[in-house]
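>>> pasting a predicted model and its sequence here:
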Amino acid sequence: MTNWTLAARAAKMNPSAIREILKLTDKPGIISLAGGLPAPQTFPLDAFTAACNTVMARDGAAALQYATSEGFAPLRRAVADMLPWAVDPDQVLITTGSQQALDLIGKVLLDKDSRMLVETPTYLGALQAFAPQEPIAVGVASDDDGILVDDFAAKAGTGADKARLAYVLPNFQNPTGRTMTEARRAALVAKAAELGIPLIEDNPYGELWFGEAPPAPLTARNPDGCIYMGSFSKVLAPGLRIGFLVAPKAIYPKLLQAKQAADLHTPGFNQRVVAEVIQGDFLARHVPTIRALYQRQRDTMLAALEREMAGLDVTWTRPAGGMFLWLRLPAGMDAQALLPTAVERNVAFVPGAPFYATEADARTLRLSYVTASSAQIDTAIAALAEAIRAQAQG
Ligand code: PMP
């Protein structure tokens, strides 16, 4: 009989907690605030149809041939031009979604038992992407203004134990919706530079601001000390799997070698189509329509929470952009335990625990305001409040 002895890293891999939850919530009539999907009505279908036709007519077989690992040159240039600091297109690596950038960074910077710092809570998909390297993920305390710089310094480690990287999401964070203030950004970049710890800045949501644009990226303040990650998933469409990283020259060649080994290159056809779609001022016209939709949906959810959670010891974040808000249940309550009660009332959310690297706050949960309609958000938040009341009494 074949003996499928698992590698230690495979034995440690788990099904995504979110995917498991989504299975539980896959029943007719349920309103899901659990998913992390962008609203499909924001995908610019006509622009994609036209771009596909243009690419095939213009590039023909070249669009279907193997290509360079760095990425399609016009797309690398467009990415460099989009960013608000001086970026050499040679520092841009096109990745198969920004999720792949996380995988490449983990392979290049982390050994088994390497210390790595993350926010509390942080993006679950990053914890999963880094997990095969078997690092020690250390949660740094965070508040509404972002990561706490004193705790960052306290947890940085020294000598051989010094953190190999700190992974941060300064804009409209997944899962909390929080944004790091200008002062906190400046302090974090200065402290990381002083301690010599690379910052990994993940920014898939930065363009989805509501009132005003967020402060400048961390990387703009110290490009040699940071790897920046971006994505077209939330401003065009996620199914194309087009993301990118911008890395200092000191580390770019290693990331490129990891990319080559992983998948040779990101699909060239998709890169050409994205480069074609974003030509000219397309994003400047398209992204404001996404902002307007998501802002309306956020307003609906915040108003519903004010109305329905009255009298309950529940708190929530008020995101200034992005797709998610973060809710904290009354003392003694557990979001995981609440979920079946909520699903019975036809509403689903993601419990917060899997987003913590270290000690989880079991009272937390994530809500998406972008895929349900405004009417569904009203119904769902009322149902969630009922579930909380039922649980509190039970
Ligand atoms: N980083 C964060 C914070 C995310 O929320 C996501 C998508 N959920 C990703 C990275 C990955 O996005 P993509 O691979 O589609 O670019």
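Received, thanks. Because the structure is a prediction, the values reported are computed rather than measured. Numbers count the residues shown, from 1 in each chain.
>>> and whatever residue of the stretch 1-150 of the chain ends up closest to the ligand, what pLDDT?
Closest residue of the stretch 1-150 of the chain to the ligand, CB to the nearest ligand atom: residue 97 (2.6 Å). For glycine as for every other residue, the C-beta is placed from the backbone atoms N, C-alpha and C. Residue 97 carries a pLDDT score of 98 in this model.
>>> ok, it to residue 204 distance?
Distance, residue 97 to residue 204, by CB to CB, to the nearest Å: 9 Å.
>>> residue 371 too?
16 Å.
>>> same question for residue 275.
Counting by CB to CB, the gap from residue 275 to residue 204 is 19 Å.
>>> of the two, which one has the most company?
residue 204 (26 against 22; other CB atoms under 10 Å).
>>> so who does the more buried one touch?
By CB atoms under 8 Å, 6 or more residues apart in numbering, residue 204 lies in contact with 98, 174, 229, 230, 231, 233, 234, 243.
>>> quick check: phi and psi on the fourth one?
Which is residue 230. Dihedral angles of residue 230 (phi, psi; degrees, to the nearest 10) stand at phi -140, psi 180.
>>> ditto for the second one
The phi/psi pair for residue 174 (degrees, to the nearest 10) reads phi -90, psi 120.
>>> for it, grab the count of nearby residues.
So residue 174, with other CB under 10 Å, has 24 neighbours.
>>> again, but for the fifth one
Here the neighbour count serves as a burial measure; for residue 231 (other CB under 10 Å) it reads 22.
>>> repeat that for residue 40.
Neighbours of residue 40 using other CB under 10 Å come to 12.
>>> that's a strand at residue 279, yeah?
No: counting by DSSP: H, G, I helix; E, B strand; the rest coil, residue 279 is not found in a strand; it is coil.
>>> quick check: it vs the ligand, distance?
Counting by CB to the nearest ligand atom, to the nearest Å, the gap from residue 279 to the ligand is 21 Å.
>>> show me what the one helix or strand residue 306 maps to is packed up against.
Here residue 306, judged by DSSP states H and E, is contained in helix 282-308. Judged by 3 or more CB pairs under 8 Å, 6 or more residues apart in numbering; DSSP states H and E, helix 282-308 is in contact with strand 324-328, helix 374-393.
>>> how about the residues of the stretch 151-300 of the chain that lie near the ligand?
Applying CB under 6 Å from any ligand atom, we find that the stretch 151-300 of the chain lies next to the ligand at 169, 174, 202, 204, 231, 233, 238, 243.
>>> surely residue 180 is in a helix?
No: per three-state DSSP, residue 180 lies outside any helix segment and is coil.
>>> check contacts around the residue of the stretch 1-150 of the chain closest to the ligand.
Contacts of residue 97 by CB under 8 Å, 6+ apart are 231, 233, 238, 241, 242, 243.
>>> lowest average confidence, helix or strand, in this protein?
Using mean pLDDT, DSSP states H and E, the weakest-scoring helix or strand in the chain turns out to be helix 17-24, at a mean of 71.
>>> that helix packs against which elements?
helix 335-344, strand 347-348, strand 350-351.
>>> one more pass at 10 Å, please.
helix 124-130, helix 335-344, strand 347-348, strand 350-351 (3 or more CB pairs under 10 Å, 6 or more residues apart in numbering; DSSP states H and E).
>>> ok, which stretches of the stretch 101-250 of the chain are strands?
If DSSP state E, counting those that start in this stretch is used as the criterion, the strands of the stretch 101-250 of the chain fall at 115-119, 136-140, 142-143, 146-147, 165-168, 199-202, 226-231, 242-246.
>>> and the longest one, what does it pack onto?
Okay, so that is strand 226-231. Looks like strand 226-231 contacts strand 92-96, helix 97-109, strand 165-168, helix 182-195, strand 199-202, helix 218-221, strand 242-246 (3+ CB pairs under 10 Å, 6+ apart).
>>> partners of it in the sheet?
Using DSSP bridges, the strands paired with strand 226-231 are strand 199-202 (parallel), strand 242-246 (antiparallel).
>>> with the first one instead?
Strands that pair with strand 115-119, judged by DSSP bridges, come out as strand 136-140 (parallel), strand 165-168 (parallel).
>>> using CSV, list the CA coordinates for stretch 311-323.
The C-alpha trace of stretch 311-323 is given here as CSV (Å, rounded to 0.1, in the frame of the first residue of the first chain):
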residue,chain,number,x,y,z
GLY,A,311,-29.0,48.6,24.6
LEU,A,312,-26.6,45.8,23.8
ASP,A,313,-23.0,46.0,25.0
VAL,A,314,-21.7,45.7,21.4
THR,A,315,-19.0,47.9,19.7
TRP,A,316,-17.9,48.2,16.1
THR,A,317,-15.3,50.0,14.0
ARG,A,318,-16.3,52.8,11.6
PRO,A,319,-14.1,52.2,8.5
ALA,A,320,-13.2,55.1,6.3
GLY,A,321,-12.8,52.8,3.3
GLY,A,322,-12.5,49.2,2.2
MET,A,323,-14.9,46.4,2.6
